[in-house]
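>>> Any chance you can model this:
(2 chains)
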Amino acid sequence: MKKNVTLSKEFLKGLWDINPVFRQALGLCPLLAVTVSAINGIAMGLASTFVLVSASLLISSIRKLIPPQVRIASFIVIIATFVTIVDLVMKAKFPDLSKELGPFIPLIVANCVILGRQEAFSSKNSPGRAVLDAFGIGFGFLIALFVLGSIREILGSRTILGFTVLPDSFEPWIVMILPAGAFLTLGILMGIANAYNIRKERIAKQTLMEKFKMAVAGRNVNQPEAK
Amino acid sequence: MELIIIFISAAVVNNFVLAYFLGICPFIGVSNKITSAVSMGMATTFVMTITAIVSWLLFNLVLVPYDLGFLQIPSFILVIASLVQFVEMVIKKVSQSLYRALGIFLPLITTNCAILGLALFASMRSYTFPESVVFGVGAGAGFTLALTIMAGIREELELAEVPEAFKGAPITLIIAGILALAFMGFAGMI
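Model prediction:
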């Protein structure tokens, strides 16, 4: 069944259909912790995407060499290696950002999104598909980080990416840059995402019902004619 | 005195779940019932204390003297993963009743970022050995506290009418936000 999925679908599904944050509620620890500002969110998203894509590429290439009994341990070591690369590069090139994100760059190792994708996808698919899937999931995660970071930055400090967007008369909501704001914002966003999906499913069900009714009605109309 | 401050800071003021966002997955996944929340909290506290001891020894006796600081992330995660397996085997041999009580929660702890976060924080702040151990116990106590409070609220929530879209993770996150606000009241303690 997997083979029928087109390559673009492989990428696009990560953005919404199986978005790690809004649909699967995975990877919430880094998401909540670093999204005080939009720029932190982007940095975290790019770092995670890099680790995810590199690990997926490597693991899908050597997937037949890894004995199934020790696969989880092997995945973790490979992921930890790429995280170390990111951590050291960030410390050398962007010391300020690295200091602000603190232990959350090393903690990408424990991000269940990354390990989950290796277990669910890379260990069963060819490198090309695995990389596309990893990019999709990575960007889905990046979008979630960026949206949450932007909302908290706009409402909490009146700026976005450092530019002031709200007038001085707007009193910043301090709670937004505190831990409580992260929980509240994400809770409301996930609720909205759920509401959207429930509505979409209901509409899909309705159109299906209408089609069914039409078909039944059509047969009832046809039957007398047949007689 | 210093040790008491570290304990209180890790347990309530800078609670791992509500201030540092570590261990959110079990916090949302396992907070349905008070009994399972307490078991999970106990198992985590246990592993956290041992991790604090082992990671301190590893970092200060192996990684620092041989100048291997760059191996910190892979070595910590490997040590934690094997430690959890080891603890599971020991508990199974020593106490069957405890093993049954902790059950599925032990292996789940490997993927709990609170454990790795604990090891990283302790080495970043260059705690001494007793400080590390107290930090581990305090963080575990704080995790148990947050998880149990959450489970208590969610048991009551079963009876409440939550909008369809907000059932499950969203309402849990909103409650966690309110809890985080409440925990901010501890900020003046130290």
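
>>> For residue A:102, which residues are in contact?
residue B:124 (Cβ atoms under 8 Å, 6 or more residues apart in numbering or on different chains). Heads up, the C-betas are built off the backbone N, CA and C, glycines and all.

>>> again with residue A:46
Contacts of residue A:46 by Cβ under 8 Å, 6+ apart are residue A:142.

>>> For it, pull up the helix or strand it's in.
Assigned by DSSP states H and E, residue A:46 falls within helix A:38-61.

>>> That helix - what's its average pLDDT?
Averaged across helix A:38-61, pLDDT comes to 93.

>>> Can you name the element that comes right after it?
helix A:71-93.

>>> Name the residues of that next one that are buried.
For helix A:71-93, the buried set under the neighbour-count rule, 16 or more other Cβ atoms under 10 Å in any protein chain shown, comprises A:72, A:74-76, A:78-84, A:86-87, A:90.

>>> wait, does it contact chain B?
Yes: counting by Cβ under 8 Å from any Cβ of the partner chain, chain B is contacted by helix A:71-93 at A:73, A:76-77, A:80-81, A:83-84, A:87-88.

>>> Moving C-terminal from that helix, which element do we reach first?
Downstream of helix A:71-93, the next assigned helix or strand under DSSP H and E is helix A:95-101.

>>> And for residue 47, the neighbour number?
As the question left the chain open, I've gone with chain A. Under the neighbour criterion other Cβ atoms under 10 Å in any protein chain shown, residue A:47 is assigned a count of 26.

>>> think we crossed wires, I meant chain B
Neighbour count of residue B:47, defined by other Cβ under 10 Å: 26.

>>> Now do the contacts for it.
Contact analysis of residue B:47 by Cβ under 8 Å, 6+ apart lists B:80, B:83-84, B:87, B:106, B:109, B:115.

>>> May I ask which of the residues you listed has the most neighbours?
Highest neighbour count within the contacts of residue B:47: residue B:115, with 32 neighbours (other Cβ under 10 Å).

>>> can you tell me the helix or strand for that residue?
Following DSSP H and E, one finds residue B:115 within helix B:113-124.

>>> Look up phi and psi at the nearest residue to residue B:178 once chain neighbours are set aside.
The shortest distance from residue B:178 to any non-neighbouring residue, by Cβ to Cβ, 6 or more residues apart in numbering or on different chains, is to residue A:180 (7.3 Å). Phi and psi for residue A:180, reported as degrees, to the nearest 10, are phi -60, psi -40.

>>> Residue A:180 is in contact with residue B:175, isn't it?
No: using Cβ atoms under 8 Å, residue A:180 is not in contact with residue B:175; the gap is 11.0 Å.

>>> check contacts around the closest residue to residue B:19 other than its chain neighbours.
In space, and not counting its chain neighbours, residue B:19 is closest to residue A:179: 5.3 Å by Cβ to Cβ, 6+ apart. By Cβ under 8 Å, 6+ apart, residue A:179 lies in contact with A:32, B:18-19, B:21, B:180.

>>> try 10 Å
A:32-33, A:36, B:14-15, B:17-21, B:176-177, B:179-181, B:183-184 (Cβ atoms under 10 Å, 6 or more residues apart in numbering or on different chains).

>>> Mind pulling up the pLDDT for it?
88.

>>> okay, and for the chain, where does confidence drop off?
The chain I'm using is chain A. Along chain A, the parts satisfying pLDDT under 70 run over A:1-4, A:221-227.

>>> I was thinking of chain B, sorry if that wasn't clear
Those would be B:102-105, B:110-111, B:190, if you go by pLDDT under 70 across chain B.
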